[in-house]
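S.K.: quick one: sequence plus predicted model below, questions after.
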Amino acid sequence: MSDQFTAPITTVAEIPALRAMIQTQRSQHASIGFVPTMGALHSGHVSLIEAARRDCDFVVVSIFVNPTQFGPNEDFDKYPRVLEQDLAKCQSAGADLVWTPTKEIMYPPHFSTHVTVETLSQTLEGATRPTHFEGVTTVVTKLLLSCLPDVAFFGAKDYQQQAIIRRMCLDLNIPVEIKTCPTIRDADGLALSSRNAYLSPAERASALALSRALKLAEEKVRAGEADLNQVKAEMRQLLNTTPLVKLDYATIVDADTLEEISSPQSEMVALVAAYVGATRLIDNSRLSLP
Ligand code: PAF
């Protein structure tokens, strides 16, 4: 009977205790994989933990709903917090340790240092959410410096976020390899997001317009359409004519600089953002030449 018993996954809140546990692993020559999250874990997060499990010897997941990356009128208070369910998912996906810092640990009194990645943070999401990426880059710097993993895993769904974090690690010589794992989608194409939980059934149906707009772009460009402005116009038309959808942007950009492009090139990505009802959703897709 005792074989059936699985001890709960180890959790830690304080940074010195986290570092001591990671140091113990390092002294045994274990490689450290790290998956930063804000909890409300779905299959996309699980796929990141599984990738870390495959690539690294010891897998740490952080769960911290970071207040500084939410704007004043955004969903910080209602962001789903389901720690027990998250811990069970971390454990079954193969994590070894879950780090659950408190706000006071991450932002002690008199906290006054912020990390800003210029240019990349000002466009797309940054144009609509001007304080968002500074919150992300500041907390990710603290998360990475606290764990100092060999590899950190991010989802491709937040394309701009992973591009900014790569830039930041290069610029600040943060010695962590950034791995970007594919977006996980429901069978009908909707990209998984913790915010999908806010959608009513009617909004859930309308939200499919985002992945449809990206599919349209993929197909047009693969078929040889050379005028990307035409493709963007068709993506916008699709989103603008879907009930309950309020378009923020639908564009095609250089995959590294995130600058908008008008003609196809080897490394490009289509990105969309829209409010579906009150919920802001984003999605993206790499485009391939014919
Ligand atoms: O992608 C997220 O969930 C968050 O932006 C991150 C990277 C955990 C930082 O809070």
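M.R.: Happy to help now that I have it. Numbering: from 1, shown residues only.

S.K.: would you say Gly224 is within a strand?
M.R.: No. Counting by DSSP: H, G, I helix; E, B strand; the rest coil, one finds Gly224 to be coil, located in no strand.

S.K.: touching, it and Pro290? I think so.
M.R.: Yes. Between Gly224 and Pro290 there is a contact at 4.7 Å, judged by CB atoms under 8 Å. The way it works is simple: take the backbone N, C-alpha and C, and place the C-beta from them, glycine included.

S.K.: my guess is Met106 contacts Thr138, does it?
M.R.: No. Taking contacts as CB under 8 Å, Met106 lies outside contact range of Thr138: 9.3 Å.

S.K.: now for Ala197, how many residues are close by?
M.R.: 13 (other CB atoms under 10 Å).

S.K.: quick one: contacts for the nearest residue to it once chain neighbours are set aside?
M.R.: Nearest residue to Ala197 in three dimensions, chain neighbours excluded: Pro80, at 5.8 Å (CB to CB, 6 or more residues apart in numbering). Neighbouring residues of Pro80 by CB atoms under 8 Å, 6 or more residues apart in numbering: Gly39, Ala40, Ser194, Ala197.

S.K.: quick check: which ranges of the stretch 51-200 of the chain have low pLDDT?
M.R.: Of all residues in the stretch 51-200 of the chain, none has pLDDT under 70.

S.K.: near the ligand, which residues of it?
M.R.: Residues of the stretch 51-200 of the chain lying near the ligand by CB under 6 Å from any ligand atom: Asn66, Gln69, Val136, Val139, Val140, Asp158, Gln161.

S.K.: now, among the residues you listed, which is nearest to the ligand?
M.R.: Using CB to the nearest ligand atom, Asn66 comes nearest to the ligand of those, at 4.0 Å.

S.K.: my guess is that closest one meets Gly135, correct?
M.R.: Yes. Counting by CB under 8 Å, Asn66 touches Gly135, with 6.1 Å between them.

S.K.: pick out whichever of these two has more residues nearby.
M.R.: Asn66 (22 against 18).

S.K.: gap between that one and Leu172?
M.R.: 18 Å (CB to CB, to the nearest Å).

S.K.: next one: Ile22
M.R.: Taking CB to CB, one finds Ile22 at 20 Å from Leu172.

S.K.: again, but for Thr141
M.R.: Where Leu172 is concerned, Thr141 sits at a distance of 7 Å (CB to CB).

S.K.: what does Ile15 give?
M.R.: Counting by CB to CB - Ile15 and Leu172 are separated by 19 Å.

S.K.: ok so, going back, neighbour count winner among Ile22 and Leu172?
M.R.: Counted by other CB under 10 Å, Ile22 and Leu172 do not tie: Ile22 has more neighbours, with 22 against 14.

S.K.: which SS class is the more buried one?
M.R.: Once three-state DSSP is applied, Ile22 turns out helix.

S.K.: what sits against Ala213?
M.R.: By CB under 8 Å, 6+ apart, Ala213 lies in contact with Met235, Arg236, Leu238, Leu239, Ala250, Ala270, Val272.

S.K.: surely Gln160 is within a helix?
M.R.: Yes. Counting by three-state DSSP, Gln160 falls inside a helix.

S.K.: state the number of residues packed around it.
M.R.: Neighbours of Gln160 (other CB under 10 Å): 23.

S.K.: surely it touches Leu124?
M.R.: Yes. Using CB under 8 Å, Gln160 is in contact with Leu124, at 5.3 Å.

S.K.: great, nothing more from me.
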